[in-house]
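In: sequence-free structure coming up:
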DNA sequence: ACGCAAACTTGCGTACACGCACTTTTTGTA
DNA sequence: TACAAAAAGTGCGTGTACGCAAGTTTGCGT
């Protein structure tokens, strides 16, 4: 298992507060528009003090965006770990990421529209992808065997960087396409395509790392 | 040329202000300790209004750190561009980075000590490495030929991520080593070594990109 | 069941980041 | 040389981030 959950009740409440905060943040942002939401409002809606809010999120944008990106980090790592051991590392990583970033239905549709519209939220959304680095490090390290932790870290960081590039491109053209006609589709503009395109250049590095693991058997 | 400088006098003054600000920030931080420096002080020392200060730097830490990392971004890109065309891309990039991150003498010695001590400054210092991404994208794109701009972007982002990892490790053990005996040296703890180790896993990706460029001649 | 230690919450105070509207400086052009 | 447009500097106001030092809750050993 990659996910090592600590003790029970305390962590449980913490996650509950976290969720309450991000959901309140998103809901209010959608209702009133993001500029008409104060952190006090979010805190109040979540039933905690404003100070506590800042113990969970270090910017207002982060809280709003978190409602969409919530837990995606650990899910990506889990998805990588879930691939059969025979699968090539590069495929496991890329497929897992594409899978987790595939639009999960209508629910966040308007949320994403709101986010991609405002530059500040766009940036926060893109930056949120960096959170996959540490879980992904663990997942890759597991596949490489204990010897390659340092390599896994670098690869995970690179993958996160590539994802960030893809998201930047995606938010770019969604912003450009929205004001125009709704039917205009940019060549290779879908998020999965962008992700695969951005991650492709890293495939040789992932392959090579896996190769060296095969050469140096265990630890 | 990678460096396309715009008009003259305006940009000149801008850079002068920038330099004045970061030097004032560092000097005051060294004199009084970083916690006893207000942005008003920095602005005053540089001869601009506090508001202008915030047009240049979006955090106090950024300004202090900038005095050490100043222009390293563009110098890395220039160093990559300066390597002969026959050199392998991976070597050009890695050597250029190591060269530019080699400690440049006693001048910043105490500054780096100050920075690596305080966690907030450490983070800012590490984050500053992300600035190499865009210049490096241009430099790599030049070597790949016009076709591979997107690939160059991903590779540059990955390289920047690897550098960040190396810097994190470096600041980690400098922080751990300083309080202890001064003579304690961690295995492969020098910054150049850490950089090469962190960048090594990306070599296959850089090679592959270069290879494909050879296959598809020009544009 | 008890109580201590660690973790989380909270209020307060301070400094900071940044949008906006306005003034001053620089640039390109007639 | 003169002038209009663009860019940079500035003052102001508002909301925000975060350190600190309480107070409160949870976990755990006995």
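Out: Sure, I can see it. All of these numbers come straight from a predicted model, not from anything done at the bench.
In: how far off helix B:149-177 does the longest helix along chain A point, in degrees?
Out: Counting residues, the longest helix found in chain A (DSSP state H) is helix A:149-177. Angle, helix A:149-177 to helix B:149-177, by axes from the mean of the first three to the mean of the last three Cα atoms, to 10 degrees: 130 degrees.
In: list phi and psi for the residue of chain A found nearest DNA strand D.
Out: Of all residues in chain A, the one sitting closest to DNA strand D is residue A:9 (2.9 Å; Cβ to the nearest atom of the strand). Every C-beta, even on glycine, is put in place using the N, C-alpha and C of the backbone. Main-chain dihedrals, residue A:9, degrees, to the nearest 10: phi -70, psi -40.
In: and chain A, which residues reach chain B?
Out: A:150-151, A:153-155, A:157-158, A:160-162, A:164-165, A:197-199, A:201-205, A:207-209 (Cβ under 8 Å from any Cβ of the partner chain).
In: check contacts around residue A:199.
Out: A:93-94, A:97, A:159, A:162-163, A:166, B:154 (Cβ atoms under 8 Å, 6 or more residues apart in numbering or on different chains).
In: and the host helix or strand of it, what's its mean pLDDT?
Out: Residue A:199 belongs to helix A:191-199 when assigned by DSSP states H and E. What helix A:191-199 shows for mean pLDDT is 96.
In: might you quantify the distance of it from its chain's geometric centre?
Out: 14 Å (Cα atoms, centre = their mean, to the nearest Å).
In: repeat that for stretch A:110-128.
Out: 13 Å.
In: quick one, helices of chain A?
Out: Per DSSP H, chain A carries helices over the ranges A:9-32, A:39-46, A:50-56, A:60-69, A:72-82, A:89-101, A:109-117, A:119-128, A:133-144, A:149-177, A:191-199, A:203-215.
In: what is the last one packed up against?
Out: Secondary-structure packing of helix A:203-215 (3 or more Cβ pairs under 8 Å, 6 or more residues apart in numbering or on different chains; DSSP states H and E): helix A:89-101, helix A:133-144, helix A:149-177, helix B:203-215.
In: now the third one against helix B:203-215, angle please.
Out: With the same axes, to 10 degrees as the basis, helix A:149-177 and helix B:203-215 are set at 50 degrees to each other.
In: likewise for the second one?
Out: Orientation check (the same axes, to 10 degrees): helix A:133-144 against helix B:203-215 gives 90 degrees.
In: which residues touch helix A:133-144?
Out: A:2, A:73-74, A:76-78, A:80-81, A:85, A:89, A:92-93, A:148-149, A:151-153, A:155-157, A:159-160, A:209-210, A:213.
In: right, and residue A:154 touches residue B:205 too?
Out: No - counting by Cβ atoms under 8 Å, residue A:154 stays clear of residue B:205, with 11.0 Å between them.
In: low-confidence ranges, chain A, go.
Out: A:1-7, A:104-106, A:175-188, A:214-219 (pLDDT under 70).
In: if we go to 50?
Out: A:1-4, A:179-185, A:219 (pLDDT under 50).
In: show me what from it comes close to DNA strand C.
Out: Within chain A, the positions near DNA strand C by Cβ under 7 Å from any atom of the strand are A:10-11, A:13-14, A:17, A:48-52, A:55-56, A:120.
In: show me which of the residues you listed are buried.
Out: A:17, A:48, A:56 (16 or more other Cβ atoms under 10 Å in any protein chain shown).
In: from the chain's centroid, how far away is stretch A:78-85?
Out: Taking mean C-alpha positions (Cα atoms, centre = their mean), stretch A:78-85 and its chain are 17 Å apart.
In: whoops, I mixed them up, stretch A:150-159
Out: The answer for stretch A:150-159 is 16 Å, by Cα atoms, centre = their mean.
In: who touches that stretch?
Out: By Cβ under 8 Å, 6+ apart, the residues outside stretch A:150-159 that reach it are A:93, A:97, A:132-134, A:136-141, A:144, A:199, A:202, A:205-206, A:209, A:212, B:157-158, B:161-162, B:164-165, B:197-199, B:201-202, B:205.
In: just the terminal-to-terminal distance for stretch A:99-116.
Out: Using Cα to Cα, to the nearest Å, the gap from the first to the last residue of stretch A:99-116 comes to 21 Å.
In: tell me the domain ranges of chain A?
Out: Domain assignment for chain A, taken from automatic domain parsing, gives A:1-68, A:71-219.
In: from the chain's centroid, how far away is the first one?
Out: Per Cα atoms, centre = their mean, the displacement of domain A:1-68 from the mean C-alpha position of its chain is 17 Å.
In: stretch A:195-211 too?
Out: Taking mean C-alpha positions (Cα atoms, centre = their mean), stretch A:195-211 and its chain are 19 Å apart.
In: before we move on, what about stretch A:134-152?
Out: On Cα atoms, centre = their mean, the centre of stretch A:134-152 falls 18 Å from the chain's centre.
In: over to stretch A:93-103?
Out: Worked out by Cα atoms, centre = their mean, stretch A:93-103 lies 10 Å from the chain centre.
In: and it, what's buried?
Out: Residues of stretch A:93-103 classed as buried: A:93-98, A:100-101 (neighbour count, 16+ other Cβ under 10 Å).
In: out of these, the closest to residue B:193 would be?
Out: residue A:93 (27.4 Å; Cβ to Cβ).
In: mind listing what the closest one touches?
Out: Residue A:93 sits next to A:80, A:136, A:140, A:159, A:199, A:206 when contact means Cβ under 8 Å, 6+ apart.
In: what does residue A:127 give?
Out: residue A:164.
In: equivalent analysis for residue A:88, please.
Out: A:206-207, A:210.
In: what's the answer for residue A:204, then?
Out: With contacts defined as Cβ under 8 Å, 6+ apart, residue A:204 is in contact with B:204-205, B:207-208.
In: got TSV for these, with distance to residue A:42 too?
Out: Formatted as TSV, these follow (distance: Cβ to Cβ, whole Å):
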residue	distance to residue A:42
B:204	46
B:205	42
B:207	49
B:208	46
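In: burial count for residue A:45?
Out: If you count neighbours by other Cβ atoms under 10 Å in any protein chain shown, residue A:45 ends up with 16.
In: so how far is residue A:118 from it?
Out: Per Cβ to Cβ, to the nearest Å, residue A:45 is found 20 Å from residue A:118.
In: could you do residue A:37 as well?
Out: Residue A:37 sits 12 Å away from residue A:118, going by Cβ to Cβ.
In: before we move on, what about residue A:67?
Out: Residue A:67 sits 15 Å away from residue A:118, going by Cβ to Cβ.
In: what residues does the residue most central in space within chain A make contact with?
Out: Centroid-nearest residue in chain A, with Cα atoms, centre = their mean: residue A:129, separated by 3.9 Å. Contact partners of residue A:129, counting by Cβ under 8 Å, 6+ apart, are A:69, A:160, A:163-164, A:167.
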